[in-house]
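Asks: Return a 3D structure for these sequence lines:
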Amino acid sequence: MALARADQSPQRFYSLSAQIQRERKDYYDMLERTQKGLLDVTDWLEWFLSCLLRAMQGAELTLCAVLAKANFWQRWAATPMNARQIKLLNRLLDGFEGKLTSSKWAAIAKCSPDTALRDINELVALGVLSKTPEGGRSTAYQLT
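Replies: Below you'll find the predicted structure:
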């Protein structure tokens, strides 16, 4: 509470409570050790400040991702795209796991493989996507 008041701002761009919730086992372990020991709060303060740092670092990562996504869409705002392309590009920007292939595109967008390849080729031609170095059946695509 003292740290929050020291900011002299009603807004927080990090969530300490959410971070403690993610680390609740460690939180309760540290709390119990502190209460049952010699009442030395040094270890508790070190843990708490480390938790606060992780909360701020998590907020920074989230902010960087949001800004990157906003910059991407600002850059391509004048480029006409269909709903499938927008959906898949947002999926890539949000941290798509694995490699994006035309078959994955078709499955996610619920379209035919030919439509998926057409969507992808349009974005490659515009410079939004590029092929990864692997070719043939291993052809995958990434944001440029």
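
Asks: which secondary structure elements does the longest helix seen in the chain contact?
Replies: Taking DSSP state H as the assignment, the helix of the chain that covers the most residues is helix 42-75. Here helix 42-75 touches helix 16-22, helix 24-36, helix 83-93, going by 3 or more CB pairs under 8 Å, 6 or more residues apart in numbering; DSSP states H and E. Glycine gets a C-beta too; all of them are placed from N, C-alpha and C.

Asks: Pro10 is nearest to which of those?
Replies: Minimum separation from Pro10 across the helices and strands packed on helix 42-75 (CB to CB) falls at helix 16-22, 15.0 Å.

Asks: burial measure for Lys69, as a count.
Replies: Around Lys69 sit 15 other residues, with neighbours defined as other CB atoms under 10 Å.

Asks: cool, Leu52 as well?
Replies: When counting by other CB under 10 Å, one arrives at 15 neighbours for Leu52.

Asks: Return the distance of it relative to Ile86.
Replies: If you measure Leu52 against Ile86 using CB to CB, to the nearest Å, the figure is 37 Å.

Asks: same thing with Ser138?
Replies: Following CB to CB, the distance that separates Ser138 from Ile86 is 26 Å.
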